[in-house]
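>>> sequence and predicted structure below; questions after.
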Amino acid sequence: MTIKVLIVDDQMMVREGFSVLLGAQPDIEVVGEAVDGHEAVAQVQALRPDVVLMDIRMPGMNGIEATREIVAADDSSKVLVLTTFDLDEYVYQALRAGASGFLLKDASARQLADGVRVVASGEALLAPSVTRRLINEFARVVPSQRGGSAGPGQVEELTDRETEVLVLIAQGLSNQEIAERLVVAESTIKTHVSRVLVKLGLRDRTQAAVYAYETRLVTPS
């Protein structure tokens with residue numbers, strides 16, 4: 001199955017570079033490019049990409065606003081944010097807006113392709129320690145309200161085990177690592193994760209982690 005990708009960046013060299021790198025992958029097809037958020041929203045509606053590589057800082061409609069509109073309008077397209085700085089407040093805002101993760105612009109070809117595959121599969125780029133640092137840093141200054149990232153569900157709706165899994169997700173653990181920590185099968189953890197997302201009305205693991213911090217279920221250390 002070919003993964004369709006839309007590249008959004010106001011710099012032509014960046015768009016062309018990513019297009020060449022991803023185009024060399026047998027399972028990835030770059031179906032379009034956009035220079036700003038407005039064009040990105042229109043291209044998503046027209047092309048229905050599986051993954052949108054989204055720059056944050058663009059003139060006109062920025063990547064955060066575009067991400068929010070894309071997520072609100074289309075459940076199938078996943079947004080993977082591109083940033084120059086690993087600790088960027090705008091990245092955190094993009095995660096709250098519904099992005100499924102982020103990559104640094106200096107990522108290798110393999111990291112870029114793997115990131116696209118992870119997000120397309122419905123997972124989220126959450127495990128790297130840099131993402132944990134970002135969430136920890138900006139959870140300090142975000143009010144204890146869920147904003148646009150969380151759904152109508154409440155933590156009280158979760159079972160004790162589901163709450164435990166949510167906390168471990170927020171700490172950046174993968175399904176396999178959570179399974180090892182709780183001494184259960186990985187398939188069991190996948191079931192718990194799915195139930196957590198459904199009950200809380202969240203799109204993916206990244207939003208689950210943000211939710212855990214914003215509701216103070218987990219506090220930055």
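Done, it's in. Residues are numbered from 1 along each chain as shown.
>>> pLDDT value on the residue with the largest distance to the centre of the chain, please?
Relative to the mean C-alpha coordinate of the chain, counting by CA atoms, centre = their mean, the farthest residue is Val183 (27.3 Å). The model reports Val183 with a pLDDT of 93.
>>> got phi/psi on Ala113?
Note on Ala113: backbone dihedrals following degrees, to the nearest 10 are phi -60, psi -40.
>>> could you report the neighbour count for it?
Applying other CB atoms under 10 Å, we find 19 residues neighbouring Ala113. All C-beta spots, glycine's among them, are computed from the backbone N, C-alpha and C.
>>> my read: it touches Pro26, true?
No - taking contacts as CB atoms under 8 Å, Ala113 lies outside contact range of Pro26: 10.1 Å.
>>> helix, strand or coil for Lys199?
Put simply, Lys199 is helix when judged by DSSP: H, G, I helix; E, B strand; the rest coil.
>>> now do the strands in this structure.
For the chain, the strands defined by DSSP state E cover 3-8, 28-34, 51-55, 78-83, 101-104.
>>> point out where the protein drops to low pLDDT.
Low-confidence segments of the chain (pLDDT under 70): 75, 85-89, 124-153, 220-221.
>>> would you list every one of the helices in it?
12-23, 37-47, 63-73, 89-97, 109-120, 129-139, 160-170, 175-182, 186-200, 205-214 (DSSP state H).
>>> for the strands of the chain, which one sits closest to Ile178?
Nearest to Ile178 among these is strand 101-104; the distance by CB to CB comes to 17.6 Å.
>>> what's the closest one packed up against?
strand 78-83, helix 89-97, helix 109-120, helix 129-139 (3 or more CB pairs under 8 Å, 6 or more residues apart in numbering; DSSP states H and E).
>>> please repeat the previous calculation with a cut-off of 10 Å.
If contacts are counted by 3 or more CB pairs under 10 Å, 6 or more residues apart in numbering; DSSP states H and E, strand 101-104 sits against strand 78-83, helix 89-97, helix 109-120, helix 129-139, helix 205-214.
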